[in-house]
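Peer 1: here is the input, now give the coordinates:
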Amino acid sequence: MTCHYTMTYWRDALYNAVRAADGGIEAAAQFLTTRRDTSIHPESLRRKLQGRDTLDVDMAVLLAEFVEKDAAAAARSNDWLLALCAQEGLHVDDVPPPPEGGWACEVSALQSKFMTISSKIGKIAAVTAQTTQDGRIEQEEADELVPLLRAARVILHRMERNVLRAVKTGGAQ
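Peer 2: Sure thing, here's the model as predicted:
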């Protein structure tokens, strides 16, 4: 039987991210061994990520660093922290840095992001309708809906940043 690892439980999100990085668990164990100057066997690391052994926050942060170094998996490096915060009632977002110097035209950037958020809201509406049709939300449905909600919040944060930069610079340019 295959285990289903969610993106809404922090250990699962970290496990998924580590497995998505080049070399997976084995490479992560080697990375930890090198960084901590203490050996860890890949199966010991797997047990920690599966919740069968304790996993401290220092190791989780190092594993996120390992994932962040992999171009294909880097976007998932903070998924575990987002999930942990949400589990504890804190809602945070991983907002990418703005382009250096902002946009040539903050108003155009804001308009573009508005179109993006509008399409995301449409997708959220469709998935929400499908998800709630039977009056329940299953884990697989949550795993589909939560990333859409997070992505929409990130766009809103970026829009806010555009507005504040436009005001600071005295208008559109």
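
Peer 1: tell me the phi and psi of Asn33?
Peer 2: Slight slip there: residue 33 is Thr, not Asn. Backbone torsions for Thr33, taken as degrees, to the nearest 10, come to phi -60, psi -40.

Peer 1: repeat for the one 10 residues further on
Peer 2: Dihedral angles phi and psi of Glu43 (degrees, to the nearest 10) take the values phi -70, psi -30.

Peer 1: burial of it, as a residue count?
Peer 2: Neighbour count for Glu43, taken as other Cβ atoms under 10 Å: 11. Bear in mind the C-beta positions are built from the backbone N, C-alpha and C, glycine included.

Peer 1: could you list every helix and strand in contact with the longest helix belonging to the chain?
Peer 2: Longest helix in the chain, counting residues (DSSP state H): helix 139-168. Counting contacts by 3 or more Cβ pairs under 8 Å, 6 or more residues apart in numbering; DSSP states H and E, helix 139-168 packs against helix 106-132.

Peer 1: domains in this protein, by residue range?
Peer 2: 10-87, 106-168 (automatic domain parsing).

Peer 1: could the ones you listed go into CSV alongside mean pLDDT and distance to Asp94?
Peer 2: Formatted as CSV, those follow (pLDDT from 0 to 100; distance: least, Cβ to Cβ, whole Å):
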stretch, mean pLDDT, distance to Asp94
domain 10-87, 96, 5
domain 106-168, 95, 7
